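Chemist: Sequence and predicted model, in that order:
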Amino acid sequence: MLEQFAPAEAVALAAYAEQHGFRGVMADDHFQPWVPQQGNAGFVWNVLTAVAERTTGDIGPGVTAPTYRWHPAIVAQASATLASMYPGRHWLGIGSGEALNEHIVGAYWPEPAERINRMFEAIEVISKLFAASIAGRDVKHSGPHFTLESTRLWTMPRVAPEILVATSGPLTARRAGRVADGLITVAAPLERIAGLFDRFALGARDAGKDPATMPRVLQLHLSWAPTDEEAMRNALVEWPNGGMRFPKSDIRSPFEFEQVARMVRPEDFEGRMVISSDPDVHRRSIQQYADLGFDRIYLHNVGRNQREWIEVFGRDVLPFVRR
């Protein structure tokens, strides 16, 4: 989470994690932190490049919104360049965005349905650019939200990066199955995620694709510390947004989030995030998602105690999670 760590520290932690058994890095694309306490918001594409130089695993933004701050052509160019530099390692995670990051360019912030429609049109533009550029030809686009004059990506790998769509609702999941290469979601009740998988698979089959070959990716927030009390304190201080039981996409300022965060209580995290000093409690939580069928699970410990957490999980958790 680039909101919590300066870029150089985030890169060093990614390298340290790989040394302790982690095999990939997801980095978020924020212009602002959730709350001022977090203190950072580095530029994701710079950080991913530096991470790639220091590690050997997969890398991707989880997620970027090619809809307001970014025109989808620019996201396509950034992604194609990273994939060209580090073949076979980069995937492109895409979401519909949040006002916290996207409103800063002064554009109108629409209702969820329009944001989702913009996201899927952006995916269409990016997919067109990837396919045409691999084929060595120009492409153009004219749609309700985006225009692309005849062009191509002049730096393009032989194989396009996988496009993974962030989704938490059944309708979006089916559309993602039709147009994307895989899905990203966050922790939720298992039956809800199973329903997302079903809808995603249905959309994939609509498009003549085999859902069994399409990656399913989880972003899992957690809080581990040597004591339960410290783990809870980390959650309340460093990641109060994890306990906010309401949609957060329309809040525009870290200082507004800070005001809301004052109302978050320990019980608000129940059922939303595992907070424990016991590595085995976390292992069981991770295992249930692996058993459900996720191909990759990216772990985010919400505290600042990253090196200690990396060491403990590398020794006591990762070796015992089975797929």
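Modeler: Perfect, I can see it now. Residues are numbered from 1 along each chain as shown.

Chemist: tell me which residues in stretch 24-39 are buried?
Modeler: With burial defined by 16 or more other Cβ atoms under 10 Å, the residues of stretch 24-39 counted as buried are 24-30, 32-35, 37-38. In this view, the C-beta of every residue, glycine as well, is placed from N, C-alpha and C.

Chemist: quick one: average pLDDT of it?
Modeler: Model confidence over stretch 24-39 averages 95 on the pLDDT scale.

Chemist: Quick one: end-to-end length of it, please.
Modeler: 24 Å (Cα to Cα, to the nearest Å).

Chemist: follow-up on the earlier one: tabulate the buried residues of stretch 24-39 in TSV, adding columns for distance to residue 48.
Modeler: As requested, the buried residues of stretch 24-39 are exported to TSV (distance: Cβ to Cβ, whole Å):
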residue	distance to residue 48
24	11
25	8
26	10
27	6
28	11
29	10
30	14
32	19
33	18
34	20
35	24
37	24
38	19
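
Chemist: Which one of those is nearest to residue 230?
Modeler: Using Cβ to Cβ, the shortest approach to residue 230 within those belongs to residue 37, at 16.0 Å.

Chemist: Next, the buried residues of the top strand by length along the chain.
Modeler: The single longest strand within the chain, with elements called by DSSP state E, is strand 216-223. Of all the residues in strand 216-223, those buried under the rule 16+ other Cβ under 10 Å are 216, 217, 218, 219, 220, 221, 222, 223.

Chemist: now for those residues, which pair is the farthest apart?
Modeler: Taking Cβ to Cβ as the measure, the buried residues of strand 216-223 span a maximum distance of 24.1 Å, between 216 and 223.

Chemist: What residues does the residue sitting nearest the centre point of the chain make contact with?
Modeler: Nearest to the mean C-alpha position of the chain, counting by Cα atoms, centre = their mean, stands residue 62 at 2.0 Å. Residue 62 sits next to 26, 27, 28, 93, 166, 184, 217, 219, 298 when contact means Cβ atoms under 8 Å, 6 or more residues apart in numbering.

Chemist: Next one: residue 315 from residue 75, what distance?
Modeler: Distance of residue 315 to residue 75, given as Cβ to Cβ, to the nearest Å: 38 Å.
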